[in-house]
Each structure stands twice: as structure tokens, then as C-alpha cells.
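Undergrad: Would you be able to build a 3D model of this:
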Amino acid sequence: MTTEATADAVDPIAGRPFSPPLTASDAELETALAVANIPTLLLVIAQLTDDPTWLEGPFRPTRTVALNDNDTGGLSEDRQARVRAAALEILRDIRDGRRPIAPPPADERIAPMLSLSLGEEVPAEYGALLAEEGGFRLRDEIDWPGARPARADTMHVVVIGAGPSGIAAAAALAHLGIRFTVLERNESVGGVWNDNTYPGAGVDTPAHLYSFSFAPKPNWTRYYAKQPEVLDYFRSVAERFGLRRFIRFGTSVRGTVWQESTQTWAVEIESAAGTETLTADAVISCVGALNEPAIPELPGRDEFGGAMFHSARWDHSVDLTGKRVAIIGTGATAMQIVPAIADRTERTLVFQRTPQWVVPNGNYLRDVDAGIRLLMEQVPYYASFYRMRLIWQFQDKLLATLRRDPEWPHQDRSVNAANDKHRAFLTKAMTEQLGADAALLHDTVIPGYPPYSKRILMDNEWIATIRRPDVELIPQRVSGFDAGHVLTADGTRHRADVVVFATGFQSRKMLSTFEVRGRDGDTLRDRWGDDDASAYLGITVPGFPNFFIVGGPQTTPAHGGSALLQSECAVTYIVRTLVRMATENLSSVDVRADVAERYNARVDAEHEQLVWTHPGTDNWYRNAKGRVVNAIPWRLVDYRAMTEEPDLSEYVVRRR
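TA: Residues are numbered from 1 along each chain as shown. Here you go, the predicted model:
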């Protein structure tokens, strides 16, 4: 078991190589270039030759639409061949030492280059964010170019949770030389990816976007990676940066109390060795919102004679072969489970309360070709530019189309004209997949609410699966159970051997697994109740000094993008606050109540303009009163700007 430690000799934010080792033979390069994404390859050529005309004129790619990679760039076979031939010559020269590798583009050049590659304008304000996410520079290198801040090692920080956010926080603290201890209740890092091992589990964010900016993974084997590969990534990051020695596994936090007299937190923990209290100058909660399963209280649960479990607590000892398996729920989890198990069950019963919008995605089930992996690993800038394209396609681009237009005449089906086009596109794609079953299933499968008012789901051959003769979609609310059946609201009894709750998490009951008691003696639960959390920037709450949250209220990127970017933004804000505390000899910082109130009012006002508050629908982002508790209302480029540098005038500051 490790204890609190310093990060001596550990520098996890080591950056990524702009010039990966290029060792491939001519034949290997030719094979790889034959499957290259042409718009990405044109960016590489333009940068390596300092010739922007490669993105213009006859080689200018067509617009990349929907979730398509636009692999050909819309170019003719002849022009594609000319692009590949030029790339081969350049890469051979680099490999053989005849050509130096050009430095990465300046921030101000990135957005114009991406605009040409994508066929639409990428705003100039994205330059800095894209430079960081592409690994062209580090988020913190401007402030701390290799030097650790003064007196940083006089602090001790407790990080709760060793999931993705906890790993990001630990990496940053280690980089800065701040003493810290990570507390993890499980025996492994990975958080949600350690817990969710159900069949078919995986990301619904493009894998090449789902990695830390400081620890990219260019060699994903799938465009949408499955859980084992994702978990392996986070474990490898922890190993690569030596973070495991700071983690106390099998250790749960029972509660943490602010000690005004010492300006510290007393953190009560429990492990196999018993209970213990740690003292911390600051606490960073990285437990996330998707860690406690939500299981509906339904009559008869104790009577059911078969196996019954939540998807996040999958019982792998239960053999589903030849069984009648009931899946309760049709959200993202169910859409991954059902196609993964349908081949081996006797019958899969899917209980649907609300239909879901399903978006076609040609990459979702696609393996990454070995040639593409070679390009990602060896060709300068290829992985960076590919990731940048994804950032624009899958992230902030969508948010503007999700604003509610009060003048829009079709409020029942969409929130604005663009959203109505989304609806038409999705309806057409789903109806075509229904084929001969369209008349039977259309009204059951096609939602009536506006697209994106609930989480949009990636097409995992969902419709093809529910059309199978051994899969039954039951559009009824589950009302209870008896010894061998699932009971539905219409009075029907459905025979089942196994019941799986794919019913999500207690996402709105944030930080519910331990008590946090602040300066005035009240707890976060006193402030928030069970479903009404708020925090300034989603990070800190008045009356709880030196207590920070990653993945807090109103920070889920519901409009798309990587949650890891949001986590890195929050971590940057937190560690820069800690550095200010160390260098300025501050004992505590406590966000002012008026600052937090104004921020919360802005958040609520912004959400009132967005699709998630559309009347007539509910989603896991909103609480019982209709207030959005989880989704972020800002573009992530805006959130990055908000969290770039803490303004201590917004805090009650106490000096030692």
C-alpha cells in the first residue's frame, strides 16, 4: 500500500514527439498511403512542405459531412494518386535524412488549415485549443517550462478516484511536484471503464479523440474502441507516468470535513486495514457522475428466481447461452449489449420506455487498418491533424444547431430549422433500415421528440438486431416481477431467465458515496439535495474551501466531444489555483457566493435556450424540477477559456 508521496523524478507531462521515428520501408509506406485519409494527408503535406496550395485549387477537399471521415476528400482517383505519390516522396526524404521535419504550425495557422481540409470555416479562436489537443504545445508549458513552482511540495492534496479524471489530476500534480495521494475504492485504475465490463461495452466518442492531450494513443485498433482497449489505455497511462505508487487501492472515502482552525481537510478513509484519517490542504473529487448504478424500485425484485443485475455490475458467471434474457432500457448501454448477446440467447427481450434517435456512423464497427496505424504512429503530424478534424466534427460544431428558436413553428418535433434537418436525416436513415418492417415498427422505433433532447446514440446495428426473429422489442414500461416473469404496465407477463438493468446511473445525485462537510458545518447534500447540484465552473462550491470537483455539475459535453478535454480543462484550473496558493502562501481559497450565484444564473439562462429543456421530454441531464444538472451549456472552447486561469478576486482568500 502506498502513502502520500512526492513526484520526485516523475514528469508525466512530457509532451508528444512532433517527429515520430519513421522507419517504414517504401513498400510499407505505399501500402499505408493507399488507405490514408486524403484530407488528413493533405494537411500533412502542406505542413511538411510549407506549401498551403496543397489544400487549395484542384486538391481542395470537399466538405466533410455528418460523421463521415470523407476518406477520399471528394478527389478523383488520379488526384488521390498524385497526393499519395507526393506524400511518399516527402516521407522517403524525411526517413533517409534528405529533408528536415518542419516545425508544427503556429496557432493562428491551424484553424485556416482545418477549414480548407474540412470544407467549412473553423473559427480562429480554436487555434490554441487545437494546438494543445494536437500535441503541438502543452497546456502548461507557457507558465512552467520545466520549472516547478516554489513551495509546491509543502502542500498535500488528496485525489478521490483513479478513473480518467483522477489520472489526469495525478499527472498534473506529479508534473508540478505537489505531494498527493489518490484514493481508489477498486483494485485498479480506470473508473467507469473498470466497472463497466458488459458485452459490447465501448466508447461512443471516436477513439482517436478519446485520449489525453498529454498522452495520445495513435494506435487504436478500432475507430470506436471497446472497453478492454480503453481500460488498457488508462492503465498504460498510469504505468507510463509512474502514478500507481501514489494510489491507495481498495480504499473508500467515508467523509471529509473542513478544519477551520488548521485550514485543512480531514479525510476519513476505510480499507481492509481499518479506518484512518488523512490530512489534506486540498481535496480534488474525481468520482464522476456515472459511478453509482440506478436500479428502479420495482415490486417483485426479490421474488424473481433467475439472475438479476445492473449492466455496470455484470455477473460474468451467468451463462446467457440458450436463456431468455430481459434487457430493461434502450439507452446507450442497451444498444451495445443487445447486438453483442443476441447470437447466443434463446430470446432477447428489450423493454423500451422511450425510443431513441440512432445516428448512422460508418466508422462505428470499423477496425483501423494496419496501414492507418502505421501512418498514425510514424508519419509526422498525421495523428495530430486527424484528431483535430475530429475535434471540430464531433465537438462544438453541433451546439449552435441545438438552440431553441421561439419563432420555429414545429416545436413539437424540433427546436429550429437545422434541428428539423437532423430529424429528417435520422428518420430517413432509420426508416430505410426498418425495410419491410417499417409499417410495423416505425411508430415504435422513431422518436417523436427533437433530436439531441436525449443523448444521440451511435448505430450499432441496433435496428437490424431488433428486427431479428429471436429479439423482441417491447414498448412498455416495466411494472414489476414475479418468480419467472417481467411484468409490464399493460398487464402482460414476459417469461425471462435473466434480467439486466440497463437503466443508467444516479448521475444527478453527485458525490453521493461520501459526505463533504464544509466551513459552516453543512454538507454538500444539504446544499444540493439529491438532484440539484451546482458549482462555479462545475468545480468549486462556496463554503467548501480548497475542495475541487472534476466532472462536476453542468460539465458533461452532451452536445458531443471528449469528456477528457473537459477534465483536462478543470484539472488545469485546479492545479493553477493550487500553484497560486503555494507561491503566494495562501491557506485557503473559497469561491465567493455572489460569484457562484451569478455563474449559476448564467448556466440556467443558457440552458433555457437549449434543446435539453425542450418541454415534453426528459433526459438524464435534468432533475425533477426540469433544471439541467449535468450537461454543459458552453462550447468546450468557451469552457477552456473560462478555466484557463483562476481569478482569485472571485474568491475569499486567506493567507497563512
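Undergrad: neighbours around the residue nearest to residue 361 when sequence neighbours are not counted, how many?
TA: In space, not counting the residues next to it along the chain, residue 361 is nearest to residue 67; the distance is 4.5 Å by Cβ to Cβ, 6 or more residues apart in numbering. Using the backbone N, CA and C atoms, a C-beta is placed for each residue, glycine as well. Look at residue 67: counted by other Cβ atoms under 10 Å, it has 17 neighbours.
Undergrad: hey, where'd the helices end up in the stretch 301-450 of the chain?
TA: Listed in chain order, the helices of the stretch 301-450 of the chain (DSSP state H, counting those that start in this stretch) span 332-341, 370-378, 382-394, 417-434, 438-445.
Undergrad: Make TSV out of these and add mean pLDDT.
TA: As requested, these are arranged in TSV below (pLDDT from 0 to 100):
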stretch	mean pLDDT
helix 332-341	96
helix 370-378	97
helix 382-394	95
helix 417-434	96
helix 438-445	94
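Undergrad: And those helices: which comes nearest residue 608?
TA: Nearest to residue 608, of all the helices of the stretch 301-450 of the chain, is helix 417-434, at 16.1 Å by Cβ to Cβ.
Undergrad: Would you mind pulling the contact partners of the closest one?
TA: Identification of contacts with helix 417-434 by Cβ atoms under 8 Å, 6 or more residues apart in numbering yields 66, 357-360, 400-402, 405, 408, 410, 413-414, 438, 441-442, 445-446, 450-452, 459, 463-464, 467, 611.
Undergrad: 7 Å - rerun?
TA: With Cβ atoms under 7 Å, 6 or more residues apart in numbering as the test, helix 417-434 has contacts from 357-360, 401-402, 408, 410, 413-414, 438, 441-442, 445-446, 450-451, 463-464, 611.
Undergrad: Buried residues, that helix. List them.
TA: When neighbours are counted by 16 or more other Cβ atoms under 10 Å, the buried residues of helix 417-434 are found to be 419-420, 422-423, 426-427, 429-430, 433-434.
Undergrad: Which positions in the top helix by length along the chain come out as buried?
TA: Residue-count comparison of every helix in the chain, with assignments taken from DSSP state H, identifies helix 563-583 as the longest. Buried residues in helix 563-583, counting neighbours by 16+ other Cβ under 10 Å, are found at 563-582.
Undergrad: Same question for stretch 69-80.
TA: Applying a neighbour-count criterion of 16+ other Cβ under 10 Å, one finds 69-71, 73-75, 80 buried in stretch 69-80.
Undergrad: Tell me where the stretch 101-250 of the chain has strands.
TA: Along the stretch 101-250 of the chain, counting by DSSP state E, counting those that start in this stretch, strands occupy 156-160, 179-183, 247-248.
Undergrad: Take those strands and write them to a markdown table, including mean neighbour count.
TA: Converted to a markdown table, the strands of the stretch 101-250 of the chain look like this (neighbours: other Cβ atoms under 10 Å):
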| stretch | mean neighbour count |
| --- | --- |
| strand 156-160 | 25 |
| strand 179-183 | 25 |
| strand 247-248 | 22 |
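Undergrad: Of all those, which one is nearest residue 333?
TA: strand 156-160 (24.7 Å).
Undergrad: any idea of the angle that closest one forms with strand 179-183?
TA: Strand 156-160 and strand 179-183 meet at an angle of 20 degrees, taking axes from the mean of the first three to the mean of the last three Cα atoms, to 10 degrees as the criterion.
Undergrad: Now do strand 156-160: distance to the chain's middle.
TA: Between the centre of strand 156-160 and the centre of its chain there are 23 Å (Cα atoms, centre = their mean, to the nearest Å).
Undergrad: Next: stretch 620-637.
TA: Using Cα atoms, centre = their mean, the distance from the centre of stretch 620-637 to the centre of the chain it belongs to is 15 Å.
Undergrad: how long is that stretch end to end?
TA: In stretch 620-637, first residue to last residue: 24 Å (Cα to Cα, to the nearest Å).
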